[in-house]
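1. need a structure here:
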Amino acid sequence: MFFPIGDDNVKGHSKPILNYLFIIVNVAVFFYEFSLPEAALNQFIFTYGSIPAEITSFQDLYTLFTCIFLHGGWMHLLGNMLFLWVFGDNIESSIGSFRYFIFYVGGGVIASLAHAFLSPGSQVPCVGASGAIAACLGAYLVMYPGSRVRILFILFLTTFRVSAIYFLGFWIIQQLVSGVGTLSTAAAESAGVAYWAHIGGFVFGVIAGFILRGQVKELHQHA
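-> Residues are numbered from 1 along each chain as shown. Below you'll find the predicted structure:
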């Protein structure tokens with residue numbers, strides 16, 4: 001198993017304050033979840049998690065936003081926050097905090113919609129920042145394909161560097177292969193991972209990345 005722990009990309013002029021704030025909010029909400037009794041926690045997740053059957057019936061659409069800040073466990077939270085720490089700051093530094101807010105939330109909403117429309121009858125709440133973070137990965141691939149990502153290989157406790165285009169390409173292929181395997185209703189219910197949310201967020205990020213990359217270039221030309 002391996003995880004990204006940093007990159008060699010030179011950050012832009014803007015400080016990624018919002019990215020840090022997103023991490024703080026996610027952690028704070030998780031600690032609140034952790035403090036709740038089991039019954040109250042289940043109620044909290046079903047109230048603010050995104051339930052596909054409700055979304056496709058146009059009910060509780062606010063959960064497309066709130067679900068982005070909920071997590072189902074320590075590893076879910078830590079994995080997401082690590083990816084957000086490594087990749088999200090680059091996007092915000094380049095496009096600014098306001099655009100990054102719209103981009104991040106938009107990516108999370110699109111990801112939740114993708115999951116809902118691929119599992120329209122599911123009553124299982126979808127939670128996590130994974131979709132929004134997948135959007136960051138998609139945009140990073142477009143905006144910084146030549147950057148090198150530092151990877152921690154857990155098994156041998158060693159690190160190595162790999163081009164972002166290879167690391168993120170491998171990641172999205174994994175999601176696609178796993179996502180195709182969950183296209184049946186039974187498989188989707190038992191998977192435990194919203195692969196199509198990841199894929200939807202990533203595709204959104206790639207498209208937005210091309211648009212934002214052009215805007216950033218124009219800003220630099222007029223600076």
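
2. which other helices and strands contact the helix or strand where residue 197 lies?
-> Using DSSP states H and E, residue 197 maps to helix 195-222. Under the contact definition 3 or more Cβ pairs under 8 Å, 6 or more residues apart in numbering; DSSP states H and E, helix 195-222 sits against helix 89-95, helix 97-118, helix 130-143, helix 164-180. Using the backbone N, CA and C atoms, a C-beta is placed for each residue, glycine as well.

3. just so I know, which of the ones you listed lies nearest residue 9?
-> helix 89-95 (5.3 Å; Cβ to Cβ).

4. And that closest one, what does it pack against?
-> Secondary elements touching helix 89-95 (3+ Cβ pairs under 8 Å, 6+ apart): helix 17-35, helix 97-118, helix 130-143, helix 195-222.

5. rerun at 6 Å
-> On a contact count with 3 or more Cβ pairs under 6 Å, 6 or more residues apart in numbering; DSSP states H and E, helix 89-95 meets helix 17-35.

6. ok, then the element right after the helix it packs on?
-> helix 38-48.

7. buried residues in that next one?
-> By neighbour count on 16 or more other Cβ atoms under 10 Å, the buried set for helix 38-48 is 44-45, 48.

8. wait, doesn't residue 138 sit right on residue 202?
-> Yes. Under the criterion of Cβ atoms under 6 Å, residue 138 makes contact with residue 202 at 4.1 Å.

9. Now for those two: what residues contact both?
-> Overlap of the contact sets of residue 138 and residue 202 (by Cβ atoms under 6 Å, 6 or more residues apart in numbering) is empty.

10. pLDDT below threshold where in this protein?
-> Applying pLDDT under 70 to the chain picks out residues 10-13, 184-192, 215-223.

11. do that again at 90, thanks
-> 1-3, 5-6, 8-15, 119, 121, 145-146, 152-160, 180-194, 212-223 (pLDDT under 90).

12. thinking again about what came up before, which one of the buried residues of helix 38-48 is nearest residue 153?
-> Checking those against residue 153 with Cβ to Cβ, the nearest one is residue 45 at 33.5 Å.

13. close enough to count as contact, that closest one and residue 125?
-> Yes. Contact status for residue 45 versus residue 125: in contact at 5.2 Å, counting by Cβ under 6 Å.

14. what residue lies at the spatial centre of the protein?
-> The residue lying closest to the centre of the chain (Cα atoms, centre = their mean) is residue 133, at 2.1 Å.

15. and the gap between that one and residue 193?
-> 13 Å (Cβ to Cβ, to the nearest Å).

16. ditto for residue 35
-> Taking Cβ to Cβ as the measure, residue 35 and residue 193 are separated by 26 Å.

17. the more surrounded of these two?
-> residue 193 (15 against 9; other Cβ atoms under 10 Å).

18. Of all the helices and strands packed on helix 195-222, which one comes closest to residue 207?
-> helix 130-143 (7.8 Å).
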